[in-house]
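**Q** next input, structure requested:
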Amino acid sequence: MNLIRRLDDLPEQFRHGALAIGNFDGVHLGHARIVERLVLRAKQLGRPAVAFTFDPHPARLLRPHLVPPPLTWSERKAELLGRLGVDALIAYPTDQALLELDAQTFFDRIVRGVLQTGAMVEGANFFFGRDRQGDVRRLLEFCDQAQMNCDIVEPLEIDGRIVSSSRIRELIAEGHIDRANSMLTQPYRVRGEVVRGACRGTKIGFPTANLEEIDTLLPGEGIYAARAFVDGSVWAAAVHIGPNLTFGESHLKVEAHLLDYSGPLYGRTVELDFLKRLRDIVRFDSPEALVAQLNRDVELTKAVVSG
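**A** Got it, this is the predicted structure:
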């Protein structure tokens with residue numbers, strides 16, 4: 001999988017391919033349906049399947065106070081799309097010049113000009129160009145004029161509702177990680193840098209990695225079973241999200257106890273795949289009561305991760 005950030009450096013091998021443009025936030029099952037058609041069209045052309053996204057999302061420049069945290073970062077997005085068969089992800093750096101392009105100019109300059117696209121595949125709610133003036137109807141017109149095949153893929157519904165990044169975001173924020181994962185192509189993942197904490201976990205036999213600099217949406221408060229990824233190794237992990245009520249803290253923390261791991265993690269990046277929410281966070285009357293519950297959390301985590 002190739003992650004490309006500059007069109008000036010676009011290799012010739014990724015021109016003339018099948019193209020899908022979108023945010024692809026979370027890379028959910030609805031996106032997978034689009035990518036399936038994209039890969040099919042690319043094979044018919046004998047050319048690459050190319051996804052084109054924006055980094056950051058245009059709304060971060062236009063309405064920064066209204067934009068929710070993303071579900072994925074560009075490298076993770078490229079990894080997930082690559083699993084589905086995409087050959088290259090172009091993460092175009094969003095700037096004011098791009099935002100000022102009208103729909104026709106964007107299509108002529110980017111789609112036809114730089115990418116020299118051979119076919120397009122989009123979702124039914126696709127918009128493009130300044131002020132979202134381009135929709136699928138206009139896209140079909142442009143592609144027809146360019147004698148280019150264009151497929152519009154209908155959205156996927158589960159339980160009578162469309163699968164969307166916004167719906168998944170709501171579920172994750174509420175702690176419904178099982179339901180969110182059922183709509184994603186891979187378990188929901190966050191990443192963060194390990195920083196020094198109060199070291200209380202070490203003193204009671206449950207050392208934790210305290211994560212900060214998390215740049216995606218955090219699941220709602222609670223205790224979760226997860227997989228932790230550290231420098232290519234995978235560990236079962238019990239994760240606490242929320243304030244440490246037992247010790248009188250009120251600020252939100254992300255603490256991951258990596259089962260059977262020993263050694264320092266400070267300064268390293270840890271990625272967490274959230275698998276199941278185990279329980280609410282609660283205040284315990286004593287450290288001994290907390291330890292007893294942590295032992296139960298560990299056993300539940302082992303069962304979830306191994307299952």
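**Q** per-residue confidence for residue 207?
**A** If you check residue 207, the pLDDT there is 89.
**Q** what sits up against stretch 71-80?
**A** 1-3, 5, 24-27, 53, 55, 89, 91, 165, 168-169, 172, 185-186, 188-189, 191, 215-217 (C-beta atoms under 8 Å, 6 or more residues apart in numbering). From N, CA and C alone the C-beta is placed, and that goes for glycine too.
**Q** and the buried ones among the residues you listed, selectable in ChimeraX?
**A** The buried residues among the contacts of stretch 71-80 can be selected in ChimeraX (16 or more other C-beta atoms under 10 Å) with this line:
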select :1,2,3,24,25,26,27,53,55,89,91,165,168,169,172,185,188,189,191,216,217
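**Q** the contacts of stretch 71-80 in strands, which ones?
**A** Secondary structure assignment by DSSP state E places 2, 3, 53, 55, 89, 91, 188, 189, 191 of the contacts of stretch 71-80 in strands.
**Q** so the residue positioned nearest the centre of the chain, which of the three states?
**A** Nearest to the mean C-alpha position of the chain, by C-alpha atoms, centre = their mean, lies residue 72 at 2.3 Å. Classification of residue 72 by DSSP: H, G, I helix; E, B strand; the rest coil places it in coil.
**Q** buried set for stretch 84-101?
**A** Neighbour-count burial for stretch 84-101 flags 84, 85, 86, 87, 88, 89, 90, 91, 92, 94, 98, 101 (criterion: 16+ other C-beta under 10 Å).
**Q** distance of the second one from residue 260?
**A** The gap separating residue 85 from residue 260 is 35 Å, by C-beta to C-beta, to the nearest Å.
**Q** what does the first one give?
**A** Distance, residue 84 to residue 260, using C-beta to C-beta: 33 Å.
**Q** what's the answer for the fifth one, then?
**A** Residue 88 sits 38 Å away from residue 260 when distances are taken as C-beta to C-beta.
**Q** please identify the helix or strand for residue 237.
**A** strand 233-242 (DSSP states H and E).
**Q** which residues are in contact with the next helix or strand along the chain from that strand?
**A** Using DSSP H and E, the next helix or strand after strand 233-242 towards the C-terminus is strand 253-258. Strand 253-258 has contacts (C-beta under 8 Å, 6+ apart) with 190, 192, 197, 201, 206-212, 214, 218, 226, 228, 230, 235-244, 265, 270, 272, 294, 298.
**Q** let's see it at 6 Å
**A** With contact meaning C-beta atoms under 6 Å, 6 or more residues apart in numbering, strand 253-258 is reached by 206, 208, 209, 210, 211, 228, 235, 237, 238, 239, 240, 241.
**Q** which two in the residues you listed are spaced the farthest apart?
**A** 235 and 241 (17.6 Å; C-beta to C-beta).
**Q** neighbour-wise, which of the two wins?
**A** residue 241 (23 against 17; other C-beta atoms under 10 Å).
**Q** wait, the more buried one sits on residue 223?
**A** No. With contact defined as C-beta atoms under 6 Å, residue 241 does not reach residue 223; the gap is 7.9 Å.
**Q** that older thread, packing partners for the strand holding residue 237?
**A** strand 222-230, strand 253-258, helix 287-306 (3 or more C-beta pairs under 6 Å, 6 or more residues apart in numbering; DSSP states H and E).
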